[in-house]
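Participant: when you get a sec, could you give me coordinates for this:
(chains A, B, C and D)
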Protein chains: 2
Amino acid sequence: MAEATQSRRERLRAETTREIKAIALGHMADGGPAAISLRAIAREMGMTAGAIYSYFGKRDDLITALTADVYESLAQALESAHRGVPPADPADRLLAHAHAYRAWAVAHPQEFRLIYGDPVPGYLPPEAGPAQEAEHRLCAVLLALVAHAWPRAAGFQEGCDYTWDDFQPSLAALARESFPDLPPAAVALCLRLWARMHGLLTLEVYGHLRHQVADPAKLYDADMRDLIRTLGLATPKDTVTAV
Amino acid sequence: MAEATQSRRERLRAETTREIKAIALGHMADGGPAAISLRAIAREMGMTAGAIYSYFGKRDDLITALTADVYESLAQALESAHRGVPPADPADRLLAHAHAYRAWAVAHPQEFRLIYGDPVPGYLPPEAGPAQEAEHRLCAVLLALVAHAWPRAAGFQEGCDYTWDDFQPSLAALARESFPDLPPAAVALCLRLWARMHGLLTLEVYGHLRHQVADPAKLYDADMRDLIRTLGLATPKDTVTAV
DNA sequence: GCAAAGACTGAACGCCGTGTAGTAACCTCG
DNA sequence: CGAGGTTACTACACGGCGTTCAGTCTTTGC
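Facilitator: Sure, this is the predicted structure:
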């Protein structure tokens, strides 16, 4: 009622914008990112396709907005996974992160494809859009994790000499501000962790593991435990988490 | 002249089929898999769009054919990389494979997207098409590698009890026929190796490393060397290969 | 030499994103 | 309150897309 500060028009506009995005996400959920069609959305809303141009300049702008929302959803899933684990053991935190990442990807395969695959026929993301910030936000989550594990893992990461110049300035700045004691090699480790999880997940989400393996979750879990072992993060309680 | 056994008609047909695929690959190289349009191909060939239906039943059939060709190209690149390395050291062979994989992906990003991403708006691969066989062929290359490394790497892979039931029957059969002495855990390792390389490559090809790191090759190389170390495959000559 | 088979055209259908002109509702300000 | 500008929306048009289909013209096999 008294949220004021917005005129009636602004409220309606925000509501319609939200509805457009919601319907688009719905169409994407069944049919993939390619099924996002301005005409179909408008049809479902009882409008004409042209009307959507009052809200999004182009179809790509809608995709960009959706991408931002999906990144937000993923970031929240990962961040809440971190909050749900007592920060005692770095290995537990890493495992929690890994499983949260996979759980999100498996539960939202189309959203995963939207941000990590070809979003849509000819779409290419804006150069400095929300995607870049969102990825740094995800990196920040991993960075906290690596920072926590670094005292134990550092010894296993010798042999590669990284400098801050190896990273894009914005990422380097983020890392050095958040964790001044961390060396560049820790940031590299962070990216490698990301890629390690991402590899199995892309293969699974895009169906390439379906022809190879019965239970992708088992392979993923095993790889994560191998990761923890080779990082020098002992696993005190070796209980198998839910699969 | 005397290749006989094909009628003139069959020769022309084969030639036209090849031309269609060649043009399609060309369009894909600039513009991505989504730029493959029957009408555009026909236009470039001086034909009508409908004519292509004499050669491919649907657009998806063309995509499937292209996919098979691209898999063939990747398989040949990887297999020739194996032939180019003396089979002495498993670590060298793994490194050669890893670098051949990345070199192919970076040189053919659109082809990479075609087989590992969303090939095209609404395309979904046939259930038991050439893709499945091609993936097994790629697995076979990795399997040979793992088989060669297994004596040294086995000790580092304890802790996970795999059975042959964990894999799809066709892959299990392939592994047991080719390398009867190899345990299931070796096949799992093979898939994990694949995923390990794939993770960094997908991120790079889809532009997600661009915002993070200056030189993806360095990160990739470092990760591969870490992989070799944690596999227990010593690297006698620690020379840095070309980056 | 003739009939079957195949390659190809041209037009159509129904999708799609994107513009543009016009209309009606709404908000602001005097 | 009421004029003027802003905004949401429709209707229509354009070109591109995959796909189908009836018809034409060429090649093939008997």
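Participant: tell me which residue is most central in chain A.
Facilitator: For chain A, the residue nearest the mean C-alpha position is residue A:74 (4.6 Å; C-alpha atoms, centre = their mean).
Participant: wait, a helix at that residue?
Facilitator: Yes - under DSSP: H, G, I helix; E, B strand; the rest coil, residue A:74 sits within a helix.
Participant: what's the spacing between the closest residue to it other than its chain neighbours and chain B?
Facilitator: Leaving aside its sequence neighbours, residue A:74 sits nearest to residue A:104 (C-beta to C-beta, 6 or more residues apart in numbering or on different chains; 5.7 Å). Bear in mind the C-beta positions are built from the backbone N, C-alpha and C, glycine included. Counting by C-beta to the nearest C-beta, to the nearest Å, the gap from residue A:104 to chain B is 16 Å.
Participant: residue A:104: what's it in contact with?
Facilitator: Residue A:104 sits next to A:73-74, A:77-78, A:112 when contact means C-beta atoms under 8 Å, 6 or more residues apart in numbering or on different chains.
Participant: give me the phi and psi for it.
Facilitator: The phi/psi pair for residue A:104 (degrees, to the nearest 10) reads phi -60, psi -50.
Participant: hey, where'd the helices end up in chain A?
Facilitator: A:8-29, A:38-45, A:59-83, A:90-107, A:109-116, A:130-153, A:169-178, A:184-205, A:216-230 (DSSP state H).
Participant: which of the ones you listed sits closest to DNA strand D?
Facilitator: DNA strand D lies closest to helix A:8-29 among the helices of chain A, at 4.1 Å (C-beta to the nearest atom of the strand).
Participant: so the residue nearest to the centre of chain A makes contact with residue A:115?
Facilitator: Yes - applying C-beta atoms under 8 Å as the test, residue A:74 and residue A:115 come out as touching, 7.3 Å apart.
Participant: can you count the residues close to the closest residue to residue A:100 other than its chain neighbours?
Facilitator: The shortest distance from residue A:100 to any non-neighbouring residue, by C-beta to C-beta, 6+ apart, is to residue A:81 (3.3 Å). By the criterion of other C-beta atoms under 10 Å in any protein chain shown, residue A:81 has 20 neighbours.
Participant: please apply the same query to residue A:138.
Facilitator: If you count neighbours by other C-beta under 10 Å, residue A:138 ends up with 17.
Participant: what sits against the nearest residue to it once chain neighbours are set aside?
Facilitator: Once flanking residues are discounted, residue A:138 sits nearest to residue A:75: 6.0 Å by C-beta to C-beta, 6+ apart. Contacts for residue A:75 (C-beta under 8 Å, 6+ apart) come out as A:134, A:137-138, A:141.
Participant: ok, so of the residues you listed, who is nearest residue B:41?
Facilitator: The closest of the contacts of residue A:75 to residue B:41 turns out to be residue A:134 (C-beta to C-beta; 37.0 Å).
Participant: correct me, but the closest one touches residue A:76?
Facilitator: No - when contacts are counted by C-beta under 8 Å, residue A:134 is not listed as touching residue A:76 (11.2 Å).
Participant: more crowded one of the two?
Facilitator: With neighbours defined as other C-beta under 10 Å, residue A:134 and residue A:76 compare such that residue A:134 has more, 18 against 11.
Participant: and the pLDDT at the more buried one?
Facilitator: Listed pLDDT for residue A:134 reads 88.
Participant: for it, which non-adjacent residue is spatially closest?
Facilitator: Excluding the flanking residues, the one nearest residue A:134 by C-beta to C-beta, 6+ apart is residue A:71, at 3.4 Å.
Participant: now do residue A:118
Facilitator: Of all residues not flanking residue A:118 in the chain, residue B:118 sits nearest, at 4.8 Å (C-beta to C-beta, 6+ apart).
Participant: so how many other residues sit close to that neighbour?
Facilitator: Residue B:118 has 23 neighbouring residues, counting by other C-beta under 10 Å.
Participant: can you pull the contacts of it?
Facilitator: Counting by C-beta under 8 Å, 6+ apart, residue B:118 has contacts A:32-34, A:113, A:117-118, A:206, B:33.
Participant: redo those as a markdown table? Include pLDDT.
Facilitator: Shown next, in a markdown table, are these (pLDDT from 0 to 100):
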| residue | pLDDT |
| --- | --- |
| A:32 | 90 |
| A:33 | 92 |
| A:34 | 90 |
| A:113 | 95 |
| A:117 | 92 |
| A:118 | 82 |
| A:206 | 94 |
| B:33 | 92 |
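Participant: can you tell me which of those are buried?
Facilitator: A:32-34, A:113, A:117-118, A:206, B:33 (16 or more other C-beta atoms under 10 Å in any protein chain shown).
Participant: list the contacts for residue A:21?
Facilitator: Residue A:21 sits next to A:62, A:65-66, A:69 when contact means C-beta under 8 Å, 6+ apart.
Participant: let me know the pLDDT of it.
Facilitator: 98.
Participant: do the same with residue A:234
Facilitator: 67.
Participant: residue contacts, the residue in chain A positioned nearest to chain B?
Facilitator: Closest residue of chain A to chain B, C-beta to the nearest C-beta: residue A:199 (2.5 Å). Applying C-beta under 8 Å, 6+ apart, we find residue A:199 in contact with B:194-200, B:202.
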